[in-house]
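Asks: from the sequence below, what's the structure:
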Amino acid sequence: MAYTVLQNTRINTGDFIFEHPETVTYPVPPLVSAKFYTPKGGPLTLKIRATLYINSEDPNNPTVEEPTETGTTLQMFFDYDFSEETPESCDVWYVEVDYTSETVKNITEVLSFLKDIDPETSRGTETKVTTP
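Replies: Numbers count the residues shown, from 1 in each chain. Modelled structure (predicted):
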């Protein structure tokens, strides 16, 4: 199930090619930041920003599954279609999500995964939450 996101945008205008592709393991794990904030008149919210590197041959935007809380960890999956072959170039996607719940204040880390929809290949990243 896709989760509603604030922004899901391809940020490169041309092909993105890693300078030393032999040092890159695909799929590239998401680069994620997470920080609490309180919107004016709103509840405490966790702002999650992710940069995703996805094969340029996949024309579809990545989707975000409904995040799940397990104790103090928020788990997120960014879904895409991985070709199982090393891409010649990538598209760089910026995805921004606001997450809130009754227990959001207890979250201390975000565990995020770039998840292949077929699902043979996935890569993950652990991100500590920044508090105000």
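Asks: skip the chain neighbours and tell me the closest residue to Thr100.
Replies: Excluding the flanking residues, the one nearest Thr100 by C-beta to C-beta, 6 or more residues apart in numbering is Thr45, at 4.6 Å. For every residue, glycine as well, the C-beta is placed using N, CA and C.
Asks: which residues does the residue of the chain positioned farthest from its centre contact?
Replies: Distance from the C-alpha centroid of the chain, by C-alpha atoms, centre = their mean, peaks at Gly41 (27.1 Å). Going by C-beta atoms under 8 Å, 6 or more residues apart in numbering, Gly41 touches no other residue.
Asks: quick one: the residue nearest to Thr100 and Phe36 touch, right?
Replies: Yes. Shown here, Thr45 and Phe36 form a contact pair, counting by C-beta atoms under 8 Å, at 7.1 Å.
Asks: find residues that contact each of the two.
Replies: Joint contacts of Thr45 and Phe36 (C-beta under 8 Å, 6+ apart) are Val104.
Asks: just to revisit the earlier point, number of residues surrounding the residue nearest to Thr100?
Replies: The criterion is other C-beta atoms under 10 Å. On that basis, Thr45 has 17 neighbouring residues.
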